[in-house]
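K.L.:
Provided below are the primary sequence and the corresponding predicted coordinates.
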Amino acid sequence: MDAAKAAVLHLEATAIPNTRRRDLLELSFGYGLILLVIWTPRPLQRLLYCAASIFLAVITWISFHSSQAMGLRVKNLLRSLWIVALSLVLSALAFALAIHFDTVHDINGTVAFIQRYWGYALWSFAQQILLQDFVLQRLLRLLKSRRAAVLIAAALFALAHLPNPILTPLTLVWGFIACALFLRYRNLYPLAFAHALLGITLATTIPVHIIRNLRVGLGYLTYSRPIHHRNHWDQTVSTHAWVSAEAPTRRS
């Protein structure tokens with residue numbers, strides 16, 4: 001019995017460092033791929049995007065025993081709906097200011113609006129999965145402090161939005177808030193909805209030459225403002241290669 005107990009204790013003692021080492025390697029490699037996608041020009045960017053999306057999707061999925069453990073669940077949904085309500089209020093205030101300063105972008109009807117932003121809404125959902133289930137969960141296991149894990153996760157999220165002067169500070173704040181709220185409610189749905197709503201609000205209320213269609217990385221630096229906005233591909237706000245061909249240079 002003593003020998004068996006000692007063997008179990010030894011396995012537990014060695015398993016923790018191995019798990020931490022694996023978490024660090026996965027986080028470093030996955031985040032490195034994201035940065036490469038953002039800062040690499042095409043056509044190589046497309047190949048890196050495929051590699052990054054496959055790696056992140058597989059690693060994130062196998063890290064959890066169920067979708068509910070990832071935060072894709074009904075539990076606490078009603079309790080966390082105030083997040084959606086608050087995002088609606090912030091969006092309304094932003095539109096009120098944009099109307100006052102005449103910076104609201106032209107939106108040619110409901111159909112055009114949906115065609116323009118459906119990809120961004122999907123990418124907002126994917127970003128929350130990556131932030132909470134891939135980045136934050138590994139940092140929680142690597143660090144002893146939950147606060148430190150939340151702060152570092154928010155910082156990594158913001159760094160991926162450089163050099164956009166609007167998105168970088170805003171994603172730092174949102175990353176911190178989203179991680180803290182996820183640890184409280186363990187539900188991704190209200191966070192994803194709020195992310196999509198606030199992102200679309202930024203895209204439609206801030207002048208294009210400033211927000212540059214939510215582009216980041218190399219896409220932000222090489223962005224050239226189109227002459228005809230309404231029919232130009234750059235007006236599509238699918239902000240990452242996960243949802244469109246242009247997307248690796250966009251992120252929000």
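P.N.:
Structure received. What you are looking at is a predicted structure, and each value in this text was computed from that prediction instead of being measured.
K.L.:
What's the local residue count around V89?
P.N.:
10 (other CB atoms under 10 Å). C-betas here are computed from N, CA, C, even on glycine.
K.L.:
can you tell me how far it sits from T204?
P.N.:
Between V89 and T204 the distance is 17 Å, computed by CB to CB, to the nearest Å.
K.L.:
likewise L77?
P.N.:
Distance of L77 to T204, computed by CB to CB: 27 Å.
K.L.:
Would you tell me what the next helix or strand after the helix or strand containing L88 is?
P.N.:
Assignment of secondary structure by DSSP states H and E places L88 within helix 82-100. Secondary structure here is assigned by DSSP H and E; on that basis, the next helix or strand after helix 82-100 toward the C-terminus is helix 109-129.
K.L.:
what's near enough to touch the spatially closest residue to A180 that is not a sequence neighbour?
P.N.:
Here the nearest residue to A180 in space, its sequence neighbours aside, is V150; by CB to CB, 6 or more residues apart in numbering that works out to 5.7 Å. With contacts taken as CB atoms under 8 Å, 6 or more residues apart in numbering, V150 has the following neighbours: 136, 176, 179-180, 183.
K.L.:
any idea which element V150 lies in?
P.N.:
When elements are assigned from DSSP H and E, V150 belongs to helix 146-159.
K.L.:
in that helix, what's buried?
P.N.:
If you call a residue buried by 16 or more other CB atoms under 10 Å, then helix 146-159 has these buried ones: 149-154, 156-159.
K.L.:
Just send these back as JSON lines, with distance to V111 too.
P.N.:
Listed next are the buried residues of helix 146-159 as JSON lines, based on distance: CB to CB, whole Å:
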{"residue": "A149", "distance to V111": "42"}
{"residue": "V150", "distance to V111": "40"}
{"residue": "L151", "distance to V111": "42"}
{"residue": "I152", "distance to V111": "42"}
{"residue": "A153", "distance to V111": "37"}
{"residue": "A154", "distance to V111": "36"}
{"residue": "L156", "distance to V111": "37"}
{"residue": "F157", "distance to V111": "32"}
{"residue": "A158", "distance to V111": "34"}
{"residue": "L159", "distance to V111": "36"}
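K.L.:
Export those as TSV, with columns for pLDDT and distance to S63.
P.N.:
As requested, those are exported to TSV (pLDDT from 0 to 100; distance: CB to CB, whole Å):
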residue	pLDDT	distance to S63
A149	97	15
V150	98	18
L151	98	22
I152	98	18
A153	98	15
A154	98	20
L156	98	17
F157	98	18
A158	98	23
L159	97	22
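K.L.:
right, and out of these, which lies closest to F55?
P.N.:
L156 (16.5 Å; CB to CB).
K.L.:
Next, work out how far apart the nearest residue to L56 once chain neighbours are set aside and I54 are.
P.N.:
Ranked by CB to CB, 6+ apart and with sequence neighbours excluded, the top spatial neighbour of L56 is G30, at 5.4 Å. Noted for G30: a distance of 11 Å to I54, by CB to CB.
K.L.:
Give me the below-cutoff pLDDT ranges for the stretch 101-250 of the chain.
P.N.:
For the stretch 101-250 of the chain, the stretches flagged by pLDDT under 70 are 226-250.
K.L.:
let's see 90
P.N.:
Low-confidence segments of the stretch 101-250 of the chain (pLDDT under 90): 104-119, 208-209, 213, 223-250.
K.L.:
Pull the helix or strand harbouring A52 out as CSV, backbone CA atoms only.
P.N.:
When secondary structure is defined using DSSP H and E, the element that contains A52 is helix 44-62. What follows is helix 44-62, C-alpha atoms only, in CSV (Å, rounded to 0.1, in the frame of the first residue of the first chain):
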residue,chain,number,x,y,z
LEU,A,44,2.1,33.4,-47.4
GLN,A,45,-0.5,34.9,-45.0
ARG,A,46,-3.2,32.6,-46.3
LEU,A,47,-1.1,29.5,-45.6
LEU,A,48,-0.3,30.7,-42.1
TYR,A,49,-4.0,31.4,-41.5
CYS,A,50,-4.9,27.9,-42.4
ALA,A,51,-2.3,26.5,-40.1
ALA,A,52,-3.2,28.7,-37.3
SER,A,53,-7.0,28.1,-37.6
ILE,A,54,-6.5,24.3,-37.6
PHE,A,55,-4.1,24.3,-34.7
LEU,A,56,-6.1,26.6,-32.5
ALA,A,57,-9.4,24.9,-33.2
VAL,A,58,-8.1,21.4,-32.5
ILE,A,59,-6.1,22.3,-29.4
THR,A,60,-8.9,24.4,-27.9
TRP,A,61,-11.5,21.7,-28.6
ILE,A,62,-9.5,18.8,-27.1
